[in-house]
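Colleague: I would like to see how this sequence folds:
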Amino acid sequence: MSKQTDAMRLADKLEDVALNAYVIEPAVAELRRQHAEIERLTKFCDELICELSGLRMAASMQKRIDELKEKNT
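Modeller: Numbers count the residues shown, from 1 in each chain. Predicted coordinates:
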């Protein structure tokens with residue numbers, strides 16, 4: 001994603017704040033981990049959608065081929 005997400009902006013801000021590192025560092029790490037997981041899952045869903053579209057198109061083409069074969073027999 002080109003646009004920085006809220007989670008990533010928050011992680012960046014938390015890094016800049018001079019607070020208790022025992023609390024901030026794990027929170028920053030978790031926000032970044034969640035962001036990466038969301039990115040991975042988004043990519044996976046996009047790939048599945050493309051594959052499903054291809055399968056639907058192939059099924060539609062096969063149906064049309066079968067109709068034409070039936071018409072010509």
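Colleague: how about low-confidence regions in this structure?
Modeller: Applying pLDDT under 70 to the chain flags the ranges 1-3, 17-21.
Colleague: Can you tell me the centre-most residue of it?
Modeller: In the chain, the centroid-proximal residue (C-alpha atoms, centre = their mean) is residue 42; its distance is 0.6 Å.
Colleague: what about that residue, helix or strand, and which?
Modeller: Here residue 42, judged by DSSP states H and E, is contained in helix 21-71.
Colleague: on contacts alone, who are the packing partners of that helix?
Modeller: When contacts are defined as 3 or more C-beta pairs under 8 Å, 6 or more residues apart in numbering; DSSP states H and E, helix 21-71 packs onto helix 6-16. (Glycine included, C-beta is placed from N, CA and C.)
Colleague: Quick one: work out the angle between the helix it packs on and helix 21-71.
Modeller: Computed with axes from the mean of the first three to the mean of the last three C-alpha atoms, to 10 degrees, the direction of helix 6-16 lies at 160 degrees from that of helix 21-71.
Colleague: Just the buried residues of helix 6-16, please?
Modeller: 7, 8, 11 (16 or more other C-beta atoms under 10 Å).
Colleague: And for the spatially closest residue to the last one that is not a sequence neighbour, the neighbour number?
Modeller: Read it as residue 11. Nearest residue to residue 11 in three dimensions, chain neighbours excluded: residue 31, at 4.1 Å (C-beta to C-beta, 6 or more residues apart in numbering). By other C-beta atoms under 10 Å, the residues close to residue 31 number 19.
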